[in-house]
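1. structure here, sequence nowhere to be found:
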């Protein structure tokens with residue numbers, strides 16, 4: 001089941017999920033090293049901005065995957081994470097499909113993802129949902145108009 005989290009009362013579920021990511025997964029998700037303390041700061045910033053949304057995939061009442069979306073200036077920037085043991089099951093694609101109508105409802109006309117060119121999981125997701133991918137050395141971006 002996928003649910004949109006209430007960032008006032010349920011953000012801790014997203015935080016717990018991010019804490020479970022191993023160092024490589026965190027590195028790919030945040031495009032750099034991030035400590036537990038850094039995750040706490042990230043969560044605080046997510047929680048304080050009303051333009052942020054988090055949809056989460058639950059199994060047995062535990063978040064095993066999430067998409068964080070920031071909507072601003074008609075652009076929705078997305079960040080995905082899925083627990084290692086649940087990868088390859090289409091959860092990120094399901095989360096993407098939940099994010100699209102939320103982005104539209106919030107006035108966004110373009111979806112956008114930044115990642116490392118080496119992040120094969122994210123590149124494959126972007127390709128599978130029809131995002132246009134541009135690689136620039138070690139970095140890549142992917143986008144799609146949703147109007």
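-> Received, thanks. All values derive from a computational prediction rather than experimental measurement.

2. other residues contacting stretch 59-67?
-> Stretch 59-67 is touched from outside by 13-14, 16-18, 54-58, 78-83, 86, 91-92, 95-96, 98-99, with contacts defined as CB atoms under 8 Å, 6 or more residues apart in numbering. In short, each C-beta sits where N, CA and C put it, glycine included.

3. over to stretch 140-147?
-> 100, 103-104, 108-117, 119, 122-123, 126, 129-134.

4. for the record, mean pLDDT for the helix or strand where residue 19 lies?
-> Here residue 19, judged by DSSP states H and E, is contained in helix 11-20. Here helix 11-20 scores 97 as its mean pLDDT.

5. check which helices and strands that helix sits against.
-> helix 36-48, strand 52-59, strand 62-72 (3 or more CB pairs under 8 Å, 6 or more residues apart in numbering; DSSP states H and E).

6. so which of the contacts of stretch 140-147 are in helices?
-> 100, 103-104, 122-123, 126 (DSSP state H).
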